[in-house]
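Novice: Here is a sequence together with a model predicted from it:
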Number of protein chains: 2
Amino acid sequence: MSGTNTPLPPFDPICPMSTFPIQIGGKWTAMIVLCLESGPQRFGTLRRHLQPISAKVLTETLSTMQRDGLIRRHLVEDVDGCGVEYALTSLGRTILGLIEHVRQWTREHLNELLRLREIFDSTNQINSAS
Amino acid sequence: MSGTNTPLPPFDPICPMSTFPIQIGGKWTAMIVLCLESGPQRFGTLRRHLQPISAKVLTETLSTMQRDGLIRRHLVEDVDGCGVEYALTSLGRTILGLIEHVRQWTREHLNELLRLREIFDSTNQINSAS
DNA sequence: CTGTATCCCCTACGATACTG
DNA sequence: CAGTATCGTAGGGGATACAG
């Protein structure tokens, strides 16, 4: 009823690039590709969907992706005026395959990596006091 | 005879991460994994092999990789004294698969991406004079 | 709604010099 | 040979405010 809900799910925790950074393009590129997988999205929708992202960074990333031919931008007619939509190109869709491989690796091996990291950190007590 | 040549090829130009950054770990992580694919390597050999890398960054990267269980470090006996060798662990070997996928994507799609980028840049003449 | 324009900050990365 | 110790830097990312 309220109508302004995001039409997409709140965003699935993907491969946690913070713990082991496997990055495709910028920090948000892969997530944007995933957001666009099921169809074109508006700027505002992407923004809400990617939550803590700033307008500036989203604009920058989308611009770079358009430059590289990963997405296409087109205007849409809205009730209250102008709107913009972003859609994956066929080249952009090829990124989906890459992401899938990354996610698969993550599913299979990230836990072990994290476990070994913890063991290493607790073995070599580097920082405890100053 | 001279003996100090790098036993490995000068380094194959991999997926040019500078033109389209697809990064696994740090800037050099993937390349180090590739260097170690065919067997353990000494610190100095890696250094020469990765050429413009600084000792500090190489040390840092190797340390991180060891922490994450991607490589193992062990001492070796040399003619003139101490030496160190780095070798891939089984977990580290799983990265090879990831890299292969990235390289395949690169082979198949990077040229098109670069072409589209050039077209975009020449169409939107952004920077020419001030 | 869809962006620009600033400003700031932090972290990789790099250059250089020095040590066991 | 295999690193440490410093110092410096560039740029990616973030917060906030403003504009068409």
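Specialist: That came through, no problem.

Novice: Could you pick out the longest helix of chain A?
Specialist: helix A:90-105 (DSSP state H).

Novice: which element follows it toward the C-terminus?
Specialist: helix A:111-123 (DSSP states H and E).

Novice: Would you mind measuring from the closest residue in space to residue A:88 that isn't next to it in sequence to residue A:46?
Specialist: Once flanking residues are discounted, residue A:88 sits nearest to residue A:36: 4.6 Å by C-beta to C-beta, 6 or more residues apart in numbering or on different chains. Placement of C-beta: from N, CA and C, glycine included. Counting by C-beta to C-beta, to the nearest Å, the separation of residue A:36 from residue A:46 is 8 Å.

Novice: How about residue A:56?
Specialist: 14 Å.

Novice: Can you spell out which helices and strands pack onto the longest helix of chain A?
Specialist: Helices and strands touching helix A:90-105, as assessed by 3 or more C-beta pairs under 8 Å, 6 or more residues apart in numbering or on different chains; DSSP states H and E, comprise strand A:22-24, helix A:29-36, helix B:90-105, helix B:111-123.

Novice: how about 10 Å then?
Specialist: strand A:22-24, helix A:29-36, helix A:55-67, strand A:71-78, strand A:81-88, strand B:22-24, helix B:90-105, helix B:111-123 (3 or more C-beta pairs under 10 Å, 6 or more residues apart in numbering or on different chains; DSSP states H and E).

Novice: Those: which one's closest to residue B:74?
Specialist: helix B:90-105 (14.1 Å; C-beta to C-beta).

Novice: who in chain A is up against DNA strand C?
Specialist: A:42-45, A:47, A:54-56, A:59, A:62-63, A:73, A:78, A:80, A:82-84 (C-beta under 7 Å from any atom of the strand).

Novice: Give me the neighbour count for residue A:70.
Specialist: 27 (other C-beta atoms under 10 Å in any protein chain shown).

Novice: do you know how far it is from residue A:55?
Specialist: For residue A:70, the distance to residue A:55 - C-beta to C-beta - is 20 Å.

Novice: before we move on, back to that, who's more crowded, residue A:56 and residue A:46?
Specialist: Remark: of residue A:56 and residue A:46, residue A:46 carries more neighbours, 22 against 8, as counted by other C-beta under 10 Å.
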